[in-house]
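Chemist: Here you go, sequence then predicted model.
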Amino acid sequence: MRKVFALAALLALSVTACSGGATSVEEQAGGGDGAASAATQAAASDAAPAPAAVQCEVGEVDGELVLYNWTEYIDPELITKFKDEFGVDVVEDFYPSNEEMLARVQGGSSGFDVVVPSDYMVGVMIEEGLLLPLNADAIPNAGNIADGFTSPPFDPELAYSMPYQWGTTGIGVNLSVVGNNPDPTWGWIFDPQMDDQLNGRISMLDDPREAMAAALSYLGYSINSTDEAELQEAADLIAETTDRLAAFDSDQFEDLLVSGETAVAHGYSGDFFVGFDEADNPDDYAYLVPEEGAVRWVDNMAILADAPHPCTAHAFINFILDARNGAQLTNWNYFGSPNVAAEEFIEPDVLEDPAIYPPPDVLSNLEFIENVGETERLYTDLFTEAKS
Amino acid sequence: MTRTLVPEDQPAPPEASQELERRAADARSRRGLWIASAPAAYLVLLFALPLLIVFVYSFATRGTTGQTILADWNITAYARLFNPLVREIVLRSVGYAAVTTVISLVVSYPFAYYIATRPARMRNVLLVLVMIPFWSNFLVRTYAWRVLLSSSGPVSQLTQLLGMGQTRLLFTTTAVVLGLVYGYMPFMILPLYAAIERIDLGLVEAARDLYASGARAFWRVTWPLSRPGVVAGSILVFIPSLGAYVTPEILGGSKTTMLGSYIVRQFLSARDWPFGSALSFVVTALMLIATLVYFRTGGRTL
C-alpha cells in the first residue's frame, strides 16, 4: 500500500514539477525581466530586504494552496478536508531535505505558498529574506501552541513561522538481526566491528546536517560544531562508512528496513513507527535514540515572501493549528504535536509512547540543529564530498 | 536536368540555361531555409541558449549561503574539475557507460538480427514489443526494478530455492549496470535493426556459395555492413548512460555516484551552481567534440 502511495507521490511530483515551472514562467513574464530580478535578488540577499506583511481576514482565501512539504508528512484526508472547507484546490510537491527545499525556493518565483522548514532552516530563510512576516490576526489558533514552542531560538516571536510537528532523529533496527535489547548507540552505523552481523545493510539519511550530526555525536562533538577539524573528522568518518553502507536515503529508509533490505536505518522517529505498523511483524523492529546524543527537531510552517496566495496560506496554517486537525496529523504520522489543545484528541497509546514523547532524561540529551551561518556551507560541502 | 526538356535541335543559349539552374538552386536553398527554420529555432531555444546560460553561470561566484552571485567572474569552478574526486567519478561513469554499451550490443545484436529477418508482419509486431516499455514512466519502471532486485524479491527467492542463499543485488554496481542496460537497450536495437534490415541477404548467400563458413560470412559480410547501426546504437547508449541520473540514484545506493548524480547534487544539496554549471558545460562540450571528431574522421558511413 505504501509502495503504491510512494509511486503516486512520485507521479504527482513530476506533474506538479511541470506545473510549477509553468507558473514561474508566467510570473516572470508578468514581472518584467525575470532572470535579472532573480539575479539581483540573489546578489542583494546579504542585506535581505524585509518583505512587507499582507493583510488577510481569518479564513480568507485568495486562490489555490501550493504546498511544498516533506514526503509523507500530511494525512491526505486533511488535504481533502481543507479543500472542502475552503473550496480551493491544493497542489502538493515534496522534498527529502531542507537543503533541497532551499535550493528550489532560493532563486525566487518558485510558485509555492507554504513550506515546512526545520528549525535551523527557518533561521537561514529569515536571514535571506525568503519568508513573509505572518499576520498574527489571521492565525487565532496560534493560541493552541504549547509553551515550549512559543519562543524558539530561530524565530523567538513566531513572527515568520508556526510549529508543525516535532520529533527526534535516531536509528531504527531489525531486532531479528541485531538481537533483543540492542545498545542505543551510533556504533550500529559507524563501528565497523558491530557491522559483522549487519554486513553493510545500513542506510543513512541523505541530508547534510542530519548525517553530519550523527557522525559528530558518535565522535563526542556538538552537532552544531563550527570547528573545521571536528567537521573534517566527522566527514572522514562518513566517507569511511560510505564503503560499507547500502544507501543514503531520506524518504524510503523505513520501507527498506521493514522489507529486509537494511537491518539498521538512520531516520526520523515518526516515519519508523508508521513503517513498523505496516510491517508483517511489527515487534521485530525498534527505534533507538542513541545515548551519545541525537537530534531533536521542530518543523515549521512558513509562507514564502513571493507566495502567490498568501491569504490561503494563512488559512492553511490556522487550519493545521486547529486542535482536532493537529491531533489527526499526529495520529497519522506519529510525530509529536506542538499543539497543546490537540492532546485530548490524540490517541492515548501515541501520547504515552516514550519513543514519540520521550521522557525528560532522554530529552535532555538531545540537541536542536542550529543555524551555524557560513559554516552551513562547509557542512553541505563536506557531506557531498564524503558520500561521493 | 533541364537538358531533357529542351529539344535537341534547338539548344538553349548557355546563359539562359545557367540562369535557370541558378534560379532552381536559389529556390532549393530558400526551401531548405524554410524547412530548417523550425529545427534551428528548436536547437537555439532549447539547446544553445540554455547551454549559454550554463556557461555564464559557471564563471559566477557562490555566495555564503549558496546563492549564485552574477558578479566577480572567476574560474574557480573549473579549477575544481581537476580534483581527484571528480576524476574518480568521471572514470567510474565512463566505465559504467562502456560496460553498459558493450552488454547492450552483445544482447541486442542477435535480437535485432532476428527481427530484421522475420516476415514484414512479424517484424512490426516485434518492433512494437520493443517500444512498449516506453509507454510507462521511466521512473516507475526503475522503481519496479528496485522491487525485483530487493533481497526479498523474486530474484533472491529463486536463488534461495536453488540453495544459493539470499542474493544482494539492490544498491550494487550490478544493479546500476542492469538498470542502464534495461533502460537504454531499445536505443541499441532500433538502429541495429535498421542497419541489418538494409543488408542484401543475397550477399551472405553468395559468400556461402563461395565456401565461406557461417562465421566467416558473418565477419566478412554481415558485420561490416551492419557497422553503421553498431556505431549509431553505441553512441545512443553510451551518451545517456554517461549522464544517467535516475538509475544510479534509485538502484545504486551509496557507492555508485555517477556524473549525473554528482551534478544534481551541486544544484540541490551543495547549492554550488557555478561548480555544477562548470561540470555540465565541460561534459556537454566534450561529448559534442567527440561526436564531431567521429563524424569528421571516417564516421561518414552513418
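Modeler: Looks like it came in fine. Numbering: from 1, shown residues only, chains lettered A, B, ... in the order given.

Chemist: Could you pull up the contacting residues of B:A285?
Modeler: Applying CB atoms under 8 Å, 6 or more residues apart in numbering or on different chains to B:A285 gives no contacts. Bear in mind the C-beta positions are built from the backbone N, C-alpha and C, glycine included.

Chemist: Now do the phi/psi pair for it.
Modeler: phi -60, psi -40 (degrees, to the nearest 10).

Chemist: any idea how far B:F267 is from it?
Modeler: Separation of B:A285 from B:F267 (CB to CB, to the nearest Å): 19 Å.

Chemist: same question, A:T185
Modeler: 35 Å.

Chemist: ok, now B:R23?
Modeler: Distance, B:R23 to B:F267, by CB to CB: 53 Å.

Chemist: Who has more neighbours out of the two?
Modeler: Using other CB atoms under 10 Å in any protein chain shown, the more surrounded residue of B:R23 and B:F267 is B:F267, with 18 against 10.

Chemist: So what's the predicted local confidence for the more buried one?
Modeler: We have a pLDDT of 88 for B:F267.

Chemist: So it, which state does it fall into?
Modeler: The three-state assignment at B:F267 reads helix, by DSSP: H, G, I helix; E, B strand; the rest coil.

Chemist: got it, and A:R296?
Modeler: Criterion first, three-state DSSP; result for A:R296: strand.

Chemist: so how far is A:Y287 from the residue nearest to it when sequence neighbours are not counted?
Modeler: Counting by CB to CB, 6 or more residues apart in numbering or on different chains, A:R296 lies nearest to A:L366, which is 3.7 Å off, once chain neighbours are set aside. Distance of A:L366 to A:Y287, given as CB to CB: 14 Å.

Chemist: and the closest residue to chain A within the stretch 201-302 of chain B, what does it touch?
Modeler: Taking CB to the nearest CB, chain A has its nearest neighbour within the stretch 201-302 of chain B at B:G253, 3.8 Å off. Listed by CB under 8 Å, 6+ apart, the contact partners of B:G253 are A:L245, A:A246, A:A247, A:F248, B:L170, B:F171, B:T172.

Chemist: hang on, the earlier thing: check contacts around the residue nearest to A:R296.
Modeler: A:T168, A:V289, A:G293, A:A294, A:V295, A:R296, A:P358.

Chemist: State the helix or strand in which the nearest residue to the third one once chain neighbours are set aside lies.
Modeler: If you skip the residues right next to it in sequence, A:G293 has A:S217 as its closest partner in space, 4.4 Å away by CB to CB, 6+ apart. Secondary structure assigned from DSSP states H and E places A:S217 in helix A:208-218.

Chemist: can I assume A:M162 sits in a strand?
Modeler: Yes. Under three-state DSSP, A:M162 falls within a strand.

Chemist: my guess is it meets A:I139, correct?
Modeler: Yes. Counting by CB atoms under 8 Å, A:M162 does reach A:I139; the two are 6.7 Å apart.

Chemist: Please say which of these two ends up with more neighbours.
Modeler: Remark: of A:M162 and A:I139, A:M162 carries more neighbours, 26 against 23, as counted by other CB under 10 Å.

Chemist: Ranking by neighbours, what's the top pick from the contacts of A:L366?
Modeler: So for the contacts of A:L366 (other CB under 10 Å), the most neighbours sit at A:A294, 26 neighbours.

Chemist: Tell me if I'm right that it and A:G167 touch.
Modeler: No. Applying CB under 8 Å, one finds A:A294 not in contact with A:G167, separated by 10.7 Å.

Chemist: where does chain B have its least confident helix or strand?
Modeler: Least confident helix or strand, chain B: helix B:14-43 with a mean of 84, by mean pLDDT, DSSP states H and E.

Chemist: by contact count, what packs against that helix?
Modeler: Applying 3 or more CB pairs under 8 Å, 6 or more residues apart in numbering or on different chains; DSSP states H and E, we find helix B:14-43 packed against no helix or strand.

Chemist: What's the local residue count around A:P359?
Modeler: By other CB under 10 Å, neighbour count at A:P359 equals 8.

Chemist: following the helix holding A:S217, which helix or strand shows up next?
Modeler: Moving toward the C-terminus from helix A:208-218, the next helix or strand (DSSP H and E) is helix A:228-242.

Chemist: do that following helix and chain B meet at all?
Modeler: Yes. Applying CB under 8 Å from any CB of the partner chain, one finds helix A:228-242 touching chain B at A:T242.

Chemist: May I see the buried residues of that helix?
Modeler: Buried positions in helix A:228-242, judged by neighbour count with 16 or more other CB atoms under 10 Å in any protein chain shown: A:E230, A:L231, A:A234, A:A235, A:L237, A:I238, A:A239, A:T241, A:T242.

Chemist: who are the neighbours in contact with the nearest residue to the fifth one once chain neighbours are set aside?
Modeler: Translated: A:L237. Spatial nearest neighbour of A:L237, chain neighbours left out: A:A215 (4.7 Å); criterion: CB to CB, 6+ apart. Taking CB under 8 Å, 6+ apart as the criterion, A:A215 is in contact with A:W186, A:F190, A:A234, A:A235, A:L237, A:I238.

Chemist: Turn those residues into a markdown table, including pLDDT and distance to A:I74.
Modeler: Below are these laid out as a markdown table (pLDDT from 0 to 100; distance: CB to CB, whole Å):
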| residue | pLDDT | distance to A:I74 |
| --- | --- | --- |
| A:W186 | 97 | 30 |
| A:F190 | 96 | 33 |
| A:A234 | 97 | 32 |
| A:A235 | 96 | 33 |
| A:L237 | 97 | 34 |
| A:I238 | 96 | 31 |
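
Chemist: Max pairwise distance over those residues: which two?
Modeler: A:W186 and A:A235 (15.2 Å; CB to CB).

Chemist: pretty sure B:I89 is in contact with B:G260, am I right?
Modeler: No. The criterion here is CB under 8 Å, and B:I89 misses it with B:G260 at 10.0 Å.

Chemist: Looking at these two, which one has more neighbours?
Modeler: When B:I89 and B:G260 are compared for neighbours, B:G260 comes out ahead with 22 against 18, by other CB under 10 Å.

Chemist: Can you give the contact residues for stretch B:69-81?
Modeler: Contact with stretch B:69-81 is made by A:39, A:42-43, B:56-63, B:86, B:272, B:274-275, B:277-279, B:282, as judged by CB under 8 Å, 6+ apart.

Chemist: Among those residues, which ones are in strands?
Modeler: Here DSSP state E is the test, and the contacts of stretch B:69-81 give B:T61, B:R62 as lying in strands.

Chemist: got any ranges where the chain has weak pLDDT?
Modeler: Looking at chain A here, since you left the chain open. A:1-50 (pLDDT under 70).

Chemist: let's do chain B instead
Modeler: In chain B, residues with pLDDT under 70: B:1-14, B:297-302.

Chemist: any idea how it splits into domains?
Modeler: As given by automatic domain parsing, the domain ranges for chain B are B:3-47, B:80-301.

Chemist: For A:L65, which of these is the nearest?
Modeler: Using CB to CB, the nearest of the domains of chain B to A:L65 is domain B:80-301, at 23.9 Å.

Chemist: And stretch A:344-358, end to end?
Modeler: This stretch, stretch A:344-358, spans 18 Å end to end (CA to CA, to the nearest Å).

Chemist: Name the residues of that stretch that are buried.
Modeler: Applying 16+ other CB under 10 Å to stretch A:344-358 flags A:F345, A:I346, A:V350, A:L351, A:D353, A:A355, A:I356, A:Y357, A:P358 as buried.

Chemist: Next one: the fourth one from chain B, what distance?
Modeler: Here A:L351 is placed at a distance of 34 Å from chain B (CB to the nearest CB, to the nearest Å).

Chemist: and if you look at the fifth one?
Modeler: Applying CB to the nearest CB, the value for A:D353 to chain B is 28 Å.
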